[in-house]
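A.B. asks: Kindly generate the corresponding structure for this input.
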Amino acid sequence: MRQKQRLSGDGGKSFPVRGAKEATGIGGVQVDVAPPLQTLTQRQRALIRLLLRDKNTRIEEGAFVLEGAKSCLDAICRHPQAIISLTMAPRYLQTESDEGRQARSTLAVRQYTCSDAVFDQLSDVEAPQGLLAVVRQPQWDESRLLGQARVLGIYGDRLRDPANVGAIIRTAAALNLTGVWLSPDSADPFGPKVVRAAAGTVVTLPVFRGSDAGVFEKHRCVMYSALAPSPGAVSLMDIRAIPHRLMIAVGNEGEGLAEHIVKRSAVRFTIPLAREVDSLNVAATAAISAFYLSALPTVS
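C.D. replies: Purely as a prediction, here's the structure:
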């Protein structure tokens, strides 16, 4: 049996964290400098690979990998407390902007370097930019969110395509929705393909995995189900107002929503399509539905 490797740090998780050093500048003024780059060890390489490839490791460690210069720098600037470590290759460091270097100088975490070849072996993308971050998975208070006076979220039932899950998360973040809830058999929202498709918004938007639709009834959230054209389904465009607490349910890419989800729904709606089109991608369905419904007035 493989011995489990853990990230080292406080609270039993050894996420390496170290404060940035201060240097004395002109006139004795203290200025921030980036922590010295350390060579990435075999152990750290193995841990990063596990976080990229193994869902259970991501769950156990409460961490995931964010890759790409823009996504990493956005996270550094907006959510520095979420960053656990950075790993950089020469191809990134040789072209790093002053803004990027300054952002790193304020970050109190370990920063590693490795060769371009080693980074390519770690990376999950076709054309690595040479920068990745290990990031803490955010923790959200589900009861508090669902107990708010106004709730508008998306529930994904058995969404197995990471690109679709990521696109839905990105849409929900862009529309300032309450969050995204995913059934237990949906793609892991912190898997690398989902994180990439979500453009890093998994750090900012509440996302809950392993959710049972019954939690919405407990908090008096009404469910509307997006369906293919079918008897009893109203047109999305005929909905003129929404309840204060609403969850939009979208289903599996091939099979649609499970029957027990449909039965829980107060409204079953369909998006009107041109005759030449049979159906929409689930991410498009979620985006159109959320955009339209979010603009409607609420009623008790």
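
A.B. asks: the helices in the stretch 51-200 of the chain, which residues?
C.D. replies: Remark: helices assigned in the stretch 51-200 of the chain by DSSP state H, counting those that start in this stretch are 55-61, 69-78, 90-93, 98-105, 116-122, 142-146, 162-174, 192-197.

A.B. asks: So what's the gap between the helix or strand that comes right after the last one and the chain middle?
C.D. replies: This points to helix 192-197. Scanning forward in sequence from helix 192-197 by DSSP states H and E, the next helix or strand is strand 207-208. Offset of strand 207-208 from its chain centre (Cα atoms, centre = their mean, to the nearest Å): 8 Å.

A.B. asks: name the helices or strands packed onto strand 207-208?
C.D. replies: Taking 3 or more Cβ pairs under 8 Å, 6 or more residues apart in numbering; DSSP states H and E as contact, the helices and strands that strand 207-208 lies on are strand 179-182. To be clear about C-beta, it is placed using only N, CA and C from the backbone, and glycine gets the same treatment.

A.B. asks: mind listing what the spatially closest residue to A199 that is not a sequence neighbour touches?
C.D. replies: Counting by Cβ to Cβ, 6 or more residues apart in numbering, A199 lies nearest to R170, which is 5.4 Å off, once chain neighbours are set aside. Contacts here follow Cβ atoms under 8 Å, 6 or more residues apart in numbering; on that basis R170 touches 197-199, 201.

A.B. asks: Kindly report the same for V203.
C.D. replies: When contacts are taken as Cβ under 8 Å, 6+ apart, V203 is in contact with 66, 75, 78-79, 82, 135, 138.

A.B. asks: and those, which are buried?
C.D. replies: 66, 75, 82, 135 (16 or more other Cβ atoms under 10 Å).

A.B. asks: is it possible to export those residues to a markdown table including pLDDT?
C.D. replies: Below are the buried ones among the contacts of V203 laid out as a markdown table (pLDDT from 0 to 100):
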| residue | pLDDT |
| --- | --- |
| L66 | 97 |
| A75 | 94 |
| A82 | 96 |
| V135 | 98 |
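
A.B. asks: Can you give me the buried ones in stretch 81-98?
C.D. replies: 82-89, 92, 96.

A.B. asks: Sorry, slip of the keys, the one I care about is stretch 225-233.
C.D. replies: Quick answer for stretch 225-233 (16+ other Cβ under 10 Å): 225-227, 233.

A.B. asks: Would you format the helices of the stretch 51-200 of the chain as a markdown table with distance to V267 included?
C.D. replies: Shown next, in a markdown table, are these (distance: least, Cβ to Cβ, whole Å):
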| stretch | distance to V267 |
| --- | --- |
| helix 55-61 | 34 |
| helix 69-78 | 36 |
| helix 90-93 | 49 |
| helix 98-105 | 46 |
| helix 116-122 | 47 |
| helix 142-146 | 19 |
| helix 162-174 | 19 |
| helix 192-197 | 28 |
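
A.B. asks: looking at this, G232 is in a helix?
C.D. replies: No. Secondary structure of G232 (DSSP: H, G, I helix; E, B strand; the rest coil): coil, not part of a helix.
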